[in-house]
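1. Sequence plus the predicted model coming up.
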Amino acid sequence: MSNGDIFVGEVIGTAILIMFGAGVCAAVTLRHSKARASGWVVIAFGWGMGVLAGAYTAAPLSGGHLNPAVTLGIAIDTGKWDKVWVYLLGQMVGAMIGAVLAYLVYLAQFQANVREKGSSEEPTATLGIFSTIPEIRNPVANLITEIIATIALVLPILAFGLTKGLGESGTTVLIVSLLVVGIGLSLGGPTGYAINPARDLGPRIVHTFLPIPNKGTSDWGYAWVPVAGPLIGGTLAGLIYNAAF
């Protein structure tokens, strides 16, 4: 794969992933959305379907990593580092584009994020649509959660490569998508399961600059956790895989 193919594939695939993921969070969170308050299960499946659509789209061009932690784990496994920077650049650009697309889809709902006349309901804080927020702010605990959840993603992805039939049948992406749903349902409660530095950092940057009424803080004091945790988790997953398989 050429650098150009990798970059384009990762930009398109990650943009689709984030558009779906931020989109489902917007659907569940914002007033005047038909899916408002439909719950965590809907969010988990929305992110899983984002992985499905994004990775299948990107696979012919780049292999569909869509996640720096996955790229890092694969590089540790294979020893091939020369194209890692291309993957990471494409993923960050794609994540920011996807966040902007989700914003545009829900533009009217974002613009209506004001206190309505005669209502006591406060405007909605919007960062959780774009990036993760811990339920209990404990940096050590939050970091541990992200590390473990990312290992639970990257280690199975590496192991799936041992089953040739999955790749030949094209079902690997489907299984990874269901894995992401499972991680969200089982491990996502404490931090919102970033498990992907680009998925959190790119949309957080976009949130900082978007003209959303009453959008609240972008919480840059926490932003290092969903970056460092997945990178550590991806590294450990690659090391564990090399040691055990």
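-> Received it, and whenever you're ready, just let me know what you need.
2. Let me see the contact set for the most centrally placed residue in the chain.
-> Centroid check for the chain by Cα atoms, centre = their mean gives residue 199 as the closest residue, at 3.6 Å. For residue 199, the contact set (Cβ atoms under 8 Å, 6 or more residues apart in numbering) comprises 14, 17-18, 21, 67, 95. For every residue, glycine as well, the C-beta is placed using N, CA and C.
3. cool, residue 99 as well?
-> Here residue 99 is in contact with 18-19, 22, 130, 202-203, 206-207 (criterion: Cβ under 8 Å, 6+ apart).
4. just residue 80 next, same as before
-> By Cβ under 8 Å, 6+ apart, the contact set of residue 80 is empty.
5. Helix, strand or coil: sort out it for me.
-> Secondary structure, DSSP: H, G, I helix; E, B strand; the rest coil: residue 80 is coil.
6. can you give me the helices in this protein?
-> Using DSSP state H, the helices of the chain run over 3-29, 40-62, 68-78, 84-105, 107-111, 127-130, 139-160, 164-169, 172-187, 197-209, 225-244.
7. Can you name every helix or strand that the third one contacts?
-> It refers to helix 68-78. Packing partners of helix 68-78 (3 or more Cβ pairs under 8 Å, 6 or more residues apart in numbering; DSSP states H and E): helix 84-105, helix 139-160, helix 197-209, helix 225-244.
8. just those helices: most buried one?
-> Highest mean neighbour count among those (mean count of other Cβ atoms under 10 Å): helix 197-209, with a mean of 23.
9. just to revisit the earlier point, just put the helices and strands packed on helix 68-78 in TSV and tack on mean pLDDT and distance to residue 125.
-> Listed next are these as TSV, based on pLDDT from 0 to 100; distance: least, Cβ to Cβ, whole Å:
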stretch	mean pLDDT	distance to residue 125
helix 84-105	98	15
helix 139-160	96	18
helix 197-209	98	11
helix 225-244	97	17
